[in-house]
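[1] Following is a predicted model, sequence given first.
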Amino acid sequence: MQPHIQLLRPLNSAMAAVAVFVGALVATGYSLFSSPHLIGMGVAMLVAFIYTGAGNALNDYYDRFTDRVNHPTRPIPRKKITPRAAKELAGILFGLGALLALFIGWPDFNLLCLAVALVNGVLLAGYEMRLKRLGFVGNLTVSWLTASLFLFGGASVVSDPGPTIFPLPVIILAMLAFLASVGREIIKGIEDVRGDRDRKTLPRTIGVRRAGYMAAGWTCAAIALSPLPVYPLGLFSPWLYLPIVVFADGIFIYSVFVVFKNAAIASKTTKLAMVAALLAFLAGAMTVVR
């Protein structure tokens with residue numbers, strides 16, 4: 001893979017774009033495919049892809065020293081690209097993403113999407129430059145960035161969701177994603193504890209075992225609330241959503257148990273569980289009962 005492309009971590013960036021699509025589908029149901037906002041959603045997906053790639057490139061720039069230990073196969077530790085080139089690429093992509101955000105909802109301005117894009121651009125850059133060294137604050141920032149992808153998608157296709165600002169089903173999805181993401185970020189901190197000598201991550205400040213319990217708590221909160229779209233809110237028909245979300249919850253539960261033995265495996269399984277949960281919402285959106 002070309003080093004510039006590898007910097008973007010295209011699979012992760014594509015997952016961000018898919019999350020925007022899922023947010024849009026959850027907000028509107030099957031009517032999305034005949035919606036006049038379909039092009040705007042496509043632009044929002046492209047913005048999410050570009051922003052995520054920019055954040056990944058900036059991450060590799062600021063993590064170039066710790067990555068020698070934690071991720072030695074990335075382009076900068078392997079000397080396939082210079083740190084300066086990675087930083088410049090990130091700057092270009094951030095600018096391009098912000099410019100494209102102006103065209104969501106064209107010929108009108110989608111001010112809500114534009115606000116989310118601008119705030120997230122600042123948070124992405126701020127996270128890499130400062131916030132991630134603050135431990136739990138960094139975990140919360142990344143989790144918001146993950147959850148807001150669904151809000152971004154919903155806002156791109158629903159011009160007036162009423163008093164909730166964002167469509168209610170998307171808010172539920174974003175909340176569950178936030179809880180699960182906090183758990184996973186803590187687990188990733190446990191996985192990288194050996195190389196994170198310059199950061200106040202939870203495992204380094206309160207200890208690996210206590211951090212593991214915190215990760216388990218956040219993950220279990222996501223599991224406990226996962227039936228909400230069906231019971232009691234009745235947003236989705238249960239026949240497709242529940243089987244898939246139960247499967248995702250099972251993987252989450254496994255990660256909770258394994259985190260105390262092998263954080264690397266727990267990190268991978270939580271990522272798999274989040275993908276499965278994404279599929280559950282995708283399936284649920286196709287059977288919208290509202």
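    On my side now, so go ahead.
[2] Isn't Asn120 up against Val142?
    No: counting by CB atoms under 8 Å, Asn120 stays clear of Val142, with 11.1 Å between them. Placement of C-beta: from N, CA and C, glycine included.
[3] Would you mind telling me which of these two has more residues around it?
    Shown here are Asn120 and Val142; by other CB atoms under 10 Å, Asn120 has more neighbours (25 against 21).
[4] Now for the more buried one: which residues touch it?
    Neighbouring residues of Asn120 by CB atoms under 8 Å, 6 or more residues apart in numbering: 51, 145, 148, 152.
[5] In helices only, show me those residues.
    51, 145, 148, 152 (DSSP state H).
[6] burial measure for the last one, as a count.
    Applying other CB under 10 Å, we find 31 other residues in the vicinity of Phe152.
[7] Sketch out the helices for the stretch 151-290 of the chain, chain order is fine.
    168-191, 202-206, 208-225, 238-258, 263-285 (DSSP state H, counting those that start in this stretch).
[8] from the middle of its chain, how far away would the last one be?
    Here the centre of helix 263-285 is set off from its chain's centre by 11 Å, with CA atoms, centre = their mean, to the nearest Å.
[9] Could you check the angle it makes with helix 208-225?
    10 degrees (axes from the mean of the first three to the mean of the last three CA atoms, to 10 degrees).
[10] Equivalent analysis for the fourth one, please.
    Comparing the axes of helix 238-258 and helix 208-225 via the same axes, to 10 degrees yields an angle of 170 degrees.
[11] list the helices and strands helix 238-258 packs on?
    On a contact count with 3 or more CB pairs under 8 Å, 6 or more residues apart in numbering; DSSP states H and E, helix 238-258 meets helix 208-225, helix 263-285.
[12] pLDDT averaged over it - what is it?
    Helix 238-258 carries an average pLDDT of 91.
[13] mind listing what Tyr62 touches?
    128-129.
[14] Counting neighbours, which bits of stretch 131-140 end up buried?
    Within stretch 131-140, the residues that count as buried by 16 or more other CB atoms under 10 Å are 131-133, 135-136, 138-140.
[15] Could you do stretch 164-175 as well?
    Quick answer for stretch 164-175 (16+ other CB under 10 Å): 166-175.
[16] so Trp218 touches Ala180, yeah?
    Yes: judged on CB under 8 Å, Trp218 makes contact with Ala180 at a distance of 7.4 Å.
[17] And these two? Which one has more around it.
    Ala180 (27 against 22).
[18] okay but the more buried one is in contact with Phe252, surely?
    Yes: Ala180 is within contact range of Phe252, at 7.0 Å (criterion: CB under 8 Å).
[19] closest to Arg74 among the buried residues of stretch 164-175?
    Closest to Arg74 out of the buried residues of stretch 164-175 is Ala174 (29.4 Å), distances taken as CB to CB.
[20] ok, now how distant is the closest one from Ala117?
    Here the criterion is CB to CB, to the nearest Å. By it, Ala174 lies 16 Å from Ala117.
[21] ok, now Arg133?
    Distance from Arg133 to Ala117, by CB to CB: 25 Å.
[22] returning to what we had before: confidence-wise, which of the helices of the stretch 151-290 of the chain is weakest overall?
    helix 202-206 has the lowest average pLDDT among these, namely a mean of 78.
[23] quick one: contacts of that one?
    So helix 202-206 is in contact with 135-136, 139, 186, 189-190, 193, 196-197, 210-211, 214, going by CB under 8 Å, 6+ apart.
[24] and if you look at stretch 267-277?
    The contact list for stretch 267-277, computed with CB under 8 Å, 6+ apart, reads 15, 176-177, 180-181, 183-184, 187-188, 191, 219, 226, 244-245, 247-249, 251-252, 254-255, 258.
[25] redo that, cut-off 7 Å
    For stretch 267-277, the external contacting residues (CB atoms under 7 Å, 6 or more residues apart in numbering) are 176, 180, 183-184, 187-188, 191, 244-245, 247-248, 251-252, 254-255, 258.
[26] Quick one: buried ones out of those?
    176, 180, 183-184, 187-188, 191, 244-245, 248, 251-252, 254-255, 258.
[27] Among those residues, give me the pair with the biggest separation.
    Checking the buried ones among the contacts of stretch 267-277 with CB to CB, the most distant pair is Glu191 and Ile244, at 26.5 Å.
[28] can I get the buried residues of stretch 131-140 in CSV with pLDDT?
    Formatted as CSV, the buried residues of stretch 131-140 follow (pLDDT from 0 to 100):
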residue, pLDDT
Leu131, 86
Lys132, 80
Arg133, 79
Gly135, 80
Phe136, 87
Gly138, 89
Asn139, 91
Leu140, 94
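[29] Good, we can wrap up now.
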